[in-house]
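Visitor: The following comprises the amino acid sequence and a computationally predicted model.
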Amino acid sequence: MDTSQYLELFIDETKEHLQSLNEHILELEKEPENADTINEIFRAAHTLKGMAGTMGYTRMQRLTHDLENVFQEIRNGNMKATAKLIDILFRGLDALEGYLEIISTTGGEGTEDNEDIIKDLDELTKEGTGKGSGSEETQEQKKEEEPAKEQPKETSQASEKEKFLSIPISEYEITAMENAKKEGQNVFGITVYLQETCILKAARAFLVFKSVESKGELIKSVPSTEKIEDEEFDFDFSWILATKEDKDTIRKLIMNVSEIADVAIDDFPYSVESTTEKTEKKETVVKAKEEKKEPAKKPATKGKVASRSVRVDIDKLDVLMNLVSELIIAKNALVSVSSAEGTADLSSNNIFNENIEYLERVTTNLHESVMKVRMVPIESVVNRFPRMIRDLNRKLDKKMELYMTGEDTELDRTVIDELGDPLMHLLRNSADHGLESNEERVRLGKPEVGSIYLDAYQEGNNVTIEVRDDGAGINVDKVRQKAIDKGTITEQQAETMTDKDFIDLLFRPSFSTADKISDVSGRGVGLDVVKTKIESLGGSIEAKTVRGEGSTFTIQLPLTLAIIQALMVEVGKEKYAIPLGNIDTIEEISLDEIKLVQSKEVIHLRGSVIPIVRMNEVLEMEDYERDPESNSLIVVVVKKGEQRLGLGVDNLLGQQETVIKSMGHHITNAKLFSGATILGDGEVALILDTNTLV
């Protein structure tokens, strides 16, 4: 059986199980006696072992098998979750993640056996139980007993009979059963129930077949073996098996396969007189009615509920999103035609406008539906951070706790995939630079255990993520001196800079205030990487600090990178789009209100001084001509965190739903633009990236 078709599913499932193991082992470290946590750990390890075996990754299967042995001994009360044991378990999980990384890249698991980890696990098991993790007696006992413990039996004797009787049999199959009986074999009806969480159903069914094929002859399968291989079944399948083995032996062989919830097995009832299909069906129905006590539809019902959630390849969603984009462009074209035609024929124009409004509602709803499918909770990124903070706790010899809120906040999948590294850098920065040493915190009257917070929440069309700590805050004087020493700024420039200006220097490439380089920080590749990545996602980041109280890094990101609401503006004869999420306000000001401060134009707006730039100068328009009779200027005030900047434009064209198209690698000044969009009249308008201006 070719398992390559299941590779992507295996990778996704393994990531989830490894994340689950990380989270639950962290809980186990805090609550060593929590039985629910121990059971969850064992189930995840047991499933992961079975998946690795199914895919043929023997090294990964062996390591997971030894981890499972340790979890089983903890579960049985033979071992305690000591600090030493937890450390070795985490080493094992890191090794499994290493296997997964190689599998994701090459399809193979590599050649690393991780013998040192396996040896440590074996020694721990010997210390705790007097037996090694390779004990044959222990392993056989586990294989035979654990799956049955793991899931409650969900089928009654009545439901077993009903399943067997629902198998239609032909005259040929009756003859085969008769011959088996004459040879002294048993004829069993078997129904196998898979766990409802099983993803690789066909692979599990294949392993079940392999486990018993040498013990007898498969006379009938419902559904057919072809349909089972194509996963055209719910969470159960039935056979008629002729074998010399007894029921218990066959049952144990099947239950040794992972993710089997239960097995129903009994003598298969059939009648020699059933010589035609019509008679068989009639007789089957009569017998089923006689023996039926209550319907056994629990597994099937569960299967239908589970199927409400499906995995979809992101490439398929991208194709769907592109089709929605083209639909929106077509809608914009109709709107443009409608505006150009005027109102010559009022009645037909009204019908035309009604159809456009209907099309607009449909495209908007379709866009929102597709976006909901693409949205992923930020939980998938942040769940790995508690483990990271635990490791930093030991590496830096600082006591710290991570508190997270808003894990259910959703972002576009393309944004989520790029968010992990920036957040990791910020958390490591808080742990290393932000929090003081344990002794220093006690001396200052602070709690010895430092606190790091990761909060996420939605604001309009943006998601805000805050990383903060209760540490020492940013030492602005130290940043100032470091910048002068490195030649980043001069003494004269430093005299006119504010504290915020100095903090912004931390986002410069290769800038670090660490006194020594370590594997945690100090190489100057932290905050500049964060800023670059966040801005490439159309977001912004800013830092605030209070000496002695801590620092806060605030990230703002758009919900999606595909279709946005934008304000269309004109500069000269060219049209540009400005994302609505970046706009604070729009003002029409008199030219007399523009003042000069240090040779830069500013306006005074509701108690704030806001610098302005004229977009014709930013865009370097050579043939630009301003209307000489105009005494006012339209200013679009855009924001980036708490910073504001006014963009001087010539005309406002209104709000429009815009589709972001990539400009490719041929545009040399791409930093000023986040993409382009196609307008209703077929004209191309560039989308301004205001983050590069503010």
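Guide: Okay, I see it. Note that this is a predicted model, so its numbers are computed, not measured. Numbering: from 1, shown residues only.

Visitor: Could you look up the SS state of the residue nearest to Lys639 when sequence neighbours are not counted?
Guide: Using C-beta to C-beta, 6 or more residues apart in numbering and skipping residues adjacent in sequence, the residue nearest Lys639 is Asp584, 4.4 Å away. (Each C-beta comes from the backbone N, C-alpha and C, glycine too.) At Asp584 the chain is in strand, as set by DSSP: H, G, I helix; E, B strand; the rest coil.

Visitor: Check the contact between Asp584 and Lys640; I expect there is one.
Guide: No: between Asp584 and Lys640 there is no contact under C-beta atoms under 8 Å: 9.8 Å.

Visitor: Those two: which is more packed in?
Guide: Ranked by neighbour count (other C-beta atoms under 10 Å), Asp584 and Lys640 place Lys640 first, with 20 against 15.

Visitor: what's near enough to touch the closest residue to that one other than its chain neighbours?
Guide: Nearest residue to Lys640 in three dimensions, chain neighbours excluded: Val694, at 3.8 Å (C-beta to C-beta, 6+ apart). When contacts are counted by C-beta atoms under 8 Å, 6 or more residues apart in numbering, Val694 touches 540, 638-640, 643-645.

Visitor: ok, now Val476?
Guide: Contacts of Val476 by C-beta under 8 Å, 6+ apart are 499, 502-503, 545, 547.

Visitor: Show me the shaky parts of the stretch 101-250 of the chain.
Guide: Applying pLDDT under 70 to the stretch 101-250 of the chain picks out residues 128-166.

Visitor: what about the strands in it?
Guide: Using DSSP state E, counting those that start in this stretch, the strands assigned to the stretch 101-250 of the chain run over residues 186-194, 216-222, 236-243.

Visitor: Asn651 is nearest to which of those strands?
Guide: strand 186-194 (63.8 Å; C-beta to C-beta).

Visitor: now, which of the contacts of Val476 lie within strands?
Guide: In strands, defined here by DSSP state E, the members of these are Thr545.

Visitor: Could you pick out the buried ones from the contacts of Val476?
Guide: Among these, the ones that count as buried by 16 or more other C-beta atoms under 10 Å are 502-503, 545.

Visitor: the helices in the stretch 351-500 of the chain, which residues?
Guide: Remark: helices assigned in the stretch 351-500 of the chain by DSSP state H, counting those that start in this stretch are 379-382, 385-396, 413-429, 438-443, 476-486, 491-496, 499-504.

Visitor: Mean pLDDT and distance to Leu323 for those helices - can I get that in CSV?
Guide: Below are the helices of the stretch 351-500 of the chain laid out as CSV (pLDDT from 0 to 100; distance: least, C-beta to C-beta, whole Å):
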stretch, mean pLDDT, distance to Leu323
helix 379-382, 85, 26
helix 385-396, 89, 36
helix 413-429, 86, 17
helix 438-443, 91, 56
helix 476-486, 86, 50
helix 491-496, 83, 52
helix 499-504, 84, 42
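
Visitor: Show me where the stretch 301-450 of the chain dips below the pLDDT cut-off.
Guide: Where the stretch 301-450 of the chain drops to pLDDT under 70, the residues are 301-311, 338-349.

Visitor: repeat that with 90
Guide: By pLDDT under 90, the low-scoring segments of the stretch 301-450 of the chain are 301-384, 387-388, 390-397, 407-422, 424-425, 429-430, 432-434.

Visitor: In terms of helices and strands, where is Glu33?
Guide: Counting by DSSP states H and E, no helix or strand carries Glu33.

Visitor: Next, work out how far apart it and Ile74 are.
Guide: As defined by C-beta to C-beta, to the nearest Å, Glu33 lies at a distance of 10 Å from Ile74.

Visitor: and if you look at Leu505?
Guide: Separation of Leu505 from Ile74 (C-beta to C-beta): 50 Å.

Visitor: before we move on, back to that, quick one, which of the strands of the stretch 101-250 of the chain gets closest to Asn438.
Guide: Taking C-beta to C-beta, strand 186-194 is the member of the strands of the stretch 101-250 of the chain nearest to Asn438, at 50.4 Å.

Visitor: partners of that closest one in the sheet?
Guide: Strand 186-194 has the following strand partners under DSSP bridges: strand 236-243 (antiparallel), strand 260-267 (antiparallel).

Visitor: hey, C-alpha coordinates of it in CSV?
Guide: Only the C-alpha atoms of strand 186-194 are listed here, as CSV (Å, rounded to 0.1, in the frame of the first residue of the first chain):
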residue,chain,number,x,y,z
ASN,A,186,-14.5,-21.0,12.5
VAL,A,187,-16.5,-18.5,10.5
PHE,A,188,-16.6,-15.2,12.3
GLY,A,189,-18.5,-12.0,11.6
ILE,A,190,-16.2,-9.1,12.5
THR,A,191,-17.0,-5.4,12.8
VAL,A,192,-14.1,-3.1,13.5
TYR,A,193,-14.8,0.4,15.0
LEU,A,194,-12.1,3.1,14.5
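
Visitor: How far does that strand sit from its chain's centre?
Guide: 38 Å (C-alpha atoms, centre = their mean, to the nearest Å).

Visitor: give the contact list for the closest residue in space to Lys544 that isn't next to it in sequence.
Guide: Setting aside the residues directly before and after it, Lys544 is nearest to Thr552 in space (C-beta to C-beta, 6+ apart), at 4.8 Å. Going by C-beta under 8 Å, 6+ apart, Thr552 touches 466-468, 543-545.

Visitor: Dump those into TSV; add distance to Val684 and pLDDT as well.
Guide: Shown next, in TSV, are these (distance: C-beta to C-beta, whole Å; pLDDT from 0 to 100):
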residue	distance to Val684	pLDDT
Glu466	38	93
Val467	38	93
Arg468	42	92
Ala543	37	89
Lys544	40	89
Thr545	43	89
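
Visitor: Minimum distance to Lys84: which of the strands paired with strand 186-194 has it?
Guide: strand 260-267 (34.4 Å).

Visitor: what mean pLDDT would you report for the closest one?
Guide: In this model, strand 260-267 has an average pLDDT of 87.

Visitor: Could you state which residue of the chain sits nearest its centroid?
Guide: In the chain, the centroid-proximal residue (C-alpha atoms, centre = their mean) is Ser380; its distance is 4.0 Å.

Visitor: Isn't it up against Asp417?
Guide: No: if you go by C-beta under 8 Å, Ser380 and Asp417 don't touch, sitting 9.5 Å apart.

Visitor: quick one on the thing from earlier: looking at Leu505 and Ile74, which one has more neighbours?
Guide: For the pair Leu505 and Ile74, the greater number of neighbours falls to Ile74 (22 against 19), based on other C-beta under 10 Å.

Visitor: got the contact list for the strand or helix carrying that one?
Guide: Here Ile74, judged by DSSP H and E, is contained in helix 58-75. Helix 58-75 is contacted by residues 28, 38-39, 41-42, 45-46, 48-49, 52-53, 79-81, 85, 89, 92, 95-96, 99-100, 103, 109-110, 112-114, 117-118, 121-122, 124-125, 128-129, 133, 138-139, 142, 146 when judged by C-beta under 8 Å, 6+ apart.

Visitor: Sort out which of those residues are buried, if you could.
Guide: Neighbour counting by 16+ other C-beta under 10 Å classes 28, 38, 41-42, 45-46, 48-49, 52-53, 79, 81, 85, 89, 92, 95-96, 99-100, 103, 109, 114, 117-118, 121-122, 124-125, 128-129, 133, 138, 142, 146 among those as buried.

Visitor: Restricted to helices, list these.
Guide: In helices, defined here by DSSP state H, the members of the buried ones among the contacts of helix 58-75 are 28, 38, 41-42, 45-46, 48-49, 52-53, 85, 89, 92, 95-96, 99-100, 103, 117-118, 121-122, 124-125, 128-129, 138, 142, 146.

Visitor: about what we covered before: what comes up buried for the helix holding Ile74?
Guide: By neighbour count with 16+ other C-beta under 10 Å, helix 58-75 contains the buried residues 59-75.
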